[in-house]
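Undergrad: Give me a 3D structure for the following:
(2 chains)
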Amino acid sequence: MYRRFLYVAIGFVGLLGVALRVQALAVLALGGAALLFFAWREARRGLAGLTVVRDLYPSAFEDDEVPVSLALENHSRRTSWLVEIGDSFGPAVAERQALLEPGPLHGARRRRLTYRTLCSRSWGIHAVGPLRLATSDPFGLFHAERSEPEVAPFAVFPRVWSVAGLEKLGARPSLSPQEITSPRPGQSLAYLGVRDYRPGDDMRRIHWPATARRGSPAVKEHEVDLVPYFTLFLDLDRAHRAGTGLKSTLEYLVRTSACLVWTAARRGDLVQVLGEGHSGLVVPPGAGTLHATHALYELIRAQQDGRLPLLELVEQHHRHLPPGSTAALLSGTLFLDLGRLEEALGALRARGVRPVVLIVNKDSFLPIERRAAPREQAAERARAVGSLLRAHAVPGAIFSAEEELEDALGRPDLFEESW
Amino acid sequence: MSAPAPRADAALPLLAARSVALYALSLHAVASALLAWTQGDTGLLVLCAAGLAATLVIGESFSGVFDAGVERTSRLRLRITTGAAYGGLVVLALTAAVGSGDPRLLRQVAILFTLLQAAFLLLVDLGRTHVGPVANALVLVVLAALRGGVIAAVGVTGGVALLGFFLALDHAARVLQAYPRARGDLLGATLRRAAAALAPTILGLTLLFILFPPSPYARVQFTVADPARDEEMAAAYRRLIALALAGSALVFGLVRLLRRDRGKGAPLEETLAVERGVEEALPEPAPLSPREYRGRRGRIVRAYVGVLASAGEAGFRSRPSHTPRDLAALLPAPPAPLSALTDLFVAARYGPDEPSEEQALAAEKAARTVAAGLGKARG
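TA: Residues are numbered from 1 along each chain as shown, chains lettered A, B, ... in the order given. Just a heads-up that it's a prediction; the model follows:
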């Protein structure tokens, strides 16, 4: 505004000075023009040598507060003042985040600026960036701005709640010598036997009484220690899409999966996830927070766009599940083929795998592609599924759109009263 | 978001200093015009100093009351109407005064714009900017410039200097106001930066006025008493400086005490509290062990490397993986000489033949062109 005013005023005064031949007016116009020139030159040089780089951990949970660190570097020799930095943190509600580095930032120096913002938007992959640097001349007449075009993805994971029922189902001490070891040589505390010493054996494992008896070194052998193993079969059949936004089957499936995976991983299980959308969802077995984070990352990219029924997926993979493990079947519909379900459960049982069945009732959500089944029919089907699972002593639960997922998953009796 | 807002408003000292600069500019312009076209007696100057200080303090503190409830479009309409009316008045008044060459008319015009200056200061906080009082001060300086002599020289030089300080303080205050969570004591730094940026202009103007003392507007028929003597003028300026200092102190104190800002913010942009780390020295770039290029080959290579160094100083960051062709595509410089320089460099650096003297000269010329055009639009 001032700049435009000065353009007009200087022009007017200059013309007046020339027309009236008043020297002071011409000099006044000259002074104003010089002011504008120096301001323009300063603004042009203001951003030279300034760079900004973002340092950000690339994922967080919904509603987490995220610290975003920006390193503002001044590669020039001049001191920088009043540098405005704009960032665009996708998961936040505001479109832009504005920061000010008031200065001074001396030449050949760097300053780290950290701002904190909330992941207010729903889970998914969001964009972070671009960064924008802006500064002005000392009079604020000319503005210089530059964008750093780098845009980085940022994963927001669904908020996870402990699935209390699952903890009860799968809770086993990791050092139990009973069910979670296998009679093969390993590192567990379960004793398997004694054998001759081989080069490379740990000296601490030498069995001294046997060594004394035999006259040659002998070592103790232990069984393999089997850690709990959890498999999630996720239904990504496009036929089971219903609802929109927070009240949709995809939302319920992904949130439930995330909670199951996180709960299992936190108690030390080896966790794997299998699903079949348009592209396959395969999280190989693994343990620890890093693995759980990887599983969540794969889950938030999943789409309900597959054509493979859940029970077929189970049929394809159940042979690879280790005995003593837990397999959760997360279906998007009540209308499973009961005959095949019975077969799948039988097959899992036969391998010593403990099945758990969770069902998101798509017919309780707003229909988007096909009509929802009448309530009575859905209730009848729920009863039929319940009877089947009860008959096979399979724990399970049904979630409907009316239920708040957080409350439902947090119930300690989740797998006890649903049927 | 999480950090509490700073208790003390970091912009407040700057806002108070801006008010002082505006007051000084207004008083300087009014005094210059009145000294030029009236007797410039002490009573009148005291009255102006006190009146301008009072109106400015009232304007800064309470003009929010005036615009409360006025819609944005109504305010814009009001500004446009007022601006057009004021512009018309300026043209009319100056045309009449300059056309007649009558000092009495010029005196009346000076008094009219003095009153308008007070009115603008009273409504200083009404618009988004302070263009009104600044424009009116400029009109008063123009009136003073018509008088010629020391009054014109001091009026013009002081007007430009005070305008610069006002703009600098206004800019810093606005930026800090836009970031209410930012902290920083910028008053001293802003004044130093403004002084450094203004120094060449003010020195130049002073030198010009010393070398070529300004003459009065030729058509004015002076009927007032003999022009004031140097001692009287000096005494008048001393009084003016004393009044300005007293008024500035009053304005600074009262504006700091009374001003309360209303929070404004763009809804789609959140201004955030920033945790500022300490200033760290950037790691020194690894010392280069330049290969020795002799003769014409060396001149071409040095010209090219010099261009890259200039580009680095201008903010361009290259990666080790960039080839000369990549750099030619990425550098913000005129493409034709850059392409020629790149070709000559590639031939000199990797080619088997020693370049000719013409090629070395062409590379040096292209390097100068590219260095001069760095940062300008490609095309």
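Undergrad: use CA for all of it now, contacts and neighbours both
TA: Will do.
Undergrad: Which residues of the stretch 51-200 of chain A lie near chain B?
TA: By the rule Cα under 8 Å from any Cα of the partner chain, the part of the stretch 51-200 of chain A lying against chain B is A:51, A:73, A:75-76, A:82, A:94-103, A:105, A:108-117, A:138-140.
Undergrad: in the stretch 1-150 of chain A, which spans are helices?
TA: Taking DSSP state H, counting those that start in this stretch, the helices of the stretch 1-150 of chain A run over residues A:2-20, A:23-46.
Undergrad: average pLDDT across the longest one?
TA: Read it as helix A:23-46. Per-region confidence: helix A:23-46 scores 90 on mean pLDDT.
Undergrad: quick one: that helix to helix A:2-20, angle?
TA: Here helix A:23-46 runs at 150 degrees with respect to helix A:2-20, directions being taken by axes from the mean of the first three to the mean of the last three Cα atoms, to 10 degrees.
Undergrad: Quickly check: helix A:23-46 near chain B or not.
TA: Yes - applying Cα under 8 Å from any Cα, one finds helix A:23-46 touching chain B at A:23, A:24, A:25, A:27, A:28, A:31, A:32, A:34, A:35, A:38, A:39.
Undergrad: Report the two of those separated the most.
TA: Using Cα to Cα, the pair of the residues of helix A:23-46 next to chain B lying farthest apart is A:23 and A:39, separated by 24.3 Å.
Undergrad: any idea which helix or strand of chain A has the worst average confidence?
TA: The helix or strand with the lowest mean pLDDT-type score in chain A, counting by mean pLDDT, DSSP states H and E, is strand A:181-196 (a mean of 65).
Undergrad: C-terminal to that one, what's the next element?
TA: helix A:208-214 (DSSP states H and E).
Undergrad: mind listing what's buried in that next one?
TA: The neighbour-count check on helix A:208-214 (16 or more other Cα atoms under 10 Å in any protein chain shown) flags A:210, A:211 as buried.
Undergrad: what's the model's confidence in it, averaged?
TA: In this model, helix A:208-214 has an average pLDDT of 91.
Undergrad: mind listing what residue B:186 touches?
TA: A:102, B:14, B:172 (Cα atoms under 8 Å, 6 or more residues apart in numbering or on different chains).
Undergrad: between the residues of helix A:23-46 next to chain B, which has the most around it?
TA: Within these, most neighbours by other Cα atoms under 10 Å in any protein chain shown means residue A:24, with 34 neighbours.
Undergrad: can I assume it is in contact with residue B:154?
TA: No - counting by Cα atoms under 8 Å, residue A:24 does not reach residue B:154; the two are 10.0 Å apart.
Undergrad: burial measure for residue A:250, as a count.
TA: Burial measure for residue A:250: 26 neighbouring residues, criterion other Cα under 10 Å.
Undergrad: packing partners for the helix or strand hosting it?
TA: Residue A:250 is part of helix A:249-266, with elements assigned from DSSP H and E. Contact here means 3 or more Cα pairs under 8 Å, 6 or more residues apart in numbering or on different chains; DSSP states H and E; on that basis helix A:249-266 packs against helix A:164-170, strand A:229-234, strand A:270-276, helix A:289-300, strand A:326-331, strand A:354-360, helix A:405-410.
Undergrad: Quick one: closest of those to residue A:15.
TA: helix A:289-300 (67.1 Å).
Undergrad: how does the chain divide up, domain by domain?
TA: Picked chain A for this. Using automatic domain parsing, the domain parsing of chain A gives A:50-157, A:164-169+A:227-410, A:181-225.
Undergrad: not what I meant, chain B
TA: Per automatic domain parsing, the structural domains of chain B span B:12-258, B:295-373.
Undergrad: Kindly report which one of those carries the lowest mean pLDDT.
TA: Mean pLDDT per stretch puts domain B:12-258 lowest among the domains of chain B, at a mean of 84.
Undergrad: What's the end-to-end length of that one?
TA: Distance across domain B:12-258, first residue to last, is 10 Å (Cα to Cα, to the nearest Å).
Undergrad: Work out the gap between it and the centre of the chain.
TA: Put simply, domain B:12-258 sits 15 Å off its chain's centre (Cα atoms, centre = their mean, to the nearest Å).
Undergrad: Then stretch A:243-259?
TA: That offset, for stretch A:243-259, works out to 14 Å (Cα atoms, centre = their mean).
Undergrad: got it, and stretch A:366-379?
TA: Relative to its chain's centre, stretch A:366-379 lies at 32 Å (Cα atoms, centre = their mean).
Undergrad: Show me where the stretch 251-379 of chain B has its strands.
TA: Using DSSP state E, counting those that start in this stretch, the strands of the stretch 251-379 of chain B run over B:269-271, B:275-281.
Undergrad: do the stretch 51-200 of chain A as well
TA: Under DSSP E, counting those that start in this stretch, the stretch 51-200 of chain A gives strands at A:59-61, A:65-74, A:83-87, A:96-101, A:109-118, A:124-128, A:131-136, A:143-148, A:152-157, A:181-196.
Undergrad: isn't residue A:98 right up against residue A:84?
TA: Yes - with contact defined as Cα under 8 Å, residue A:98 counts as touching residue A:84 (7.2 Å).
Undergrad: before we move on, the earlier item: what's the PyMOL syntax to select whichever of the residues of the stretch 51-200 of chain A next to chain B are buried?
TA: The buried residues among those can be selected in PyMOL (16+ other Cα under 10 Å) with this line:
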select buried, chain A and resi 51+73+75+76+82+94+96+97+98+99+100+101+102+103+105+108+109+110+111+112+113+114+115+116+117+138+139+140
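Undergrad: what residues does the stretch 51-200 of chain B put near chain A?
TA: Residues of the stretch 51-200 of chain B lying close to chain A (Cα under 8 Å from any Cα) are B:129, B:131, B:135, B:142, B:145-146, B:148, B:152-153, B:156-157, B:160, B:164-165, B:167-172, B:175, B:179, B:182-184, B:186, B:190, B:193-194, B:197-198.
Undergrad: again, 7 Å this time
TA: B:131, B:142, B:145-146, B:148, B:152-153, B:156, B:160, B:164, B:167-168, B:171, B:179, B:182, B:184, B:193-194, B:197 (Cα under 7 Å from any Cα of the partner chain).
Undergrad: phi, psi of whichever residue of the stretch 251-379 of chain B sits closest to chain A?
TA: For the stretch 251-379 of chain B and chain A, the shortest gap (Cα to the nearest Cα) falls at residue B:315, measuring 4.0 Å. When read as degrees, to the nearest 10, the backbone of residue B:315 gives phi 110, psi 0.
Undergrad: For the stretch 101-250 of chain B, which segments are assigned as helices?
TA: Secondary structure of the stretch 101-250 of chain B (DSSP H, counting those that start in this stretch): helices at B:103-122, B:131-145, B:149-178, B:187-211, B:230-258.
Undergrad: Quick one, which of the ones you listed gets closest to residue A:323.
TA: helix B:149-178 (63.7 Å).
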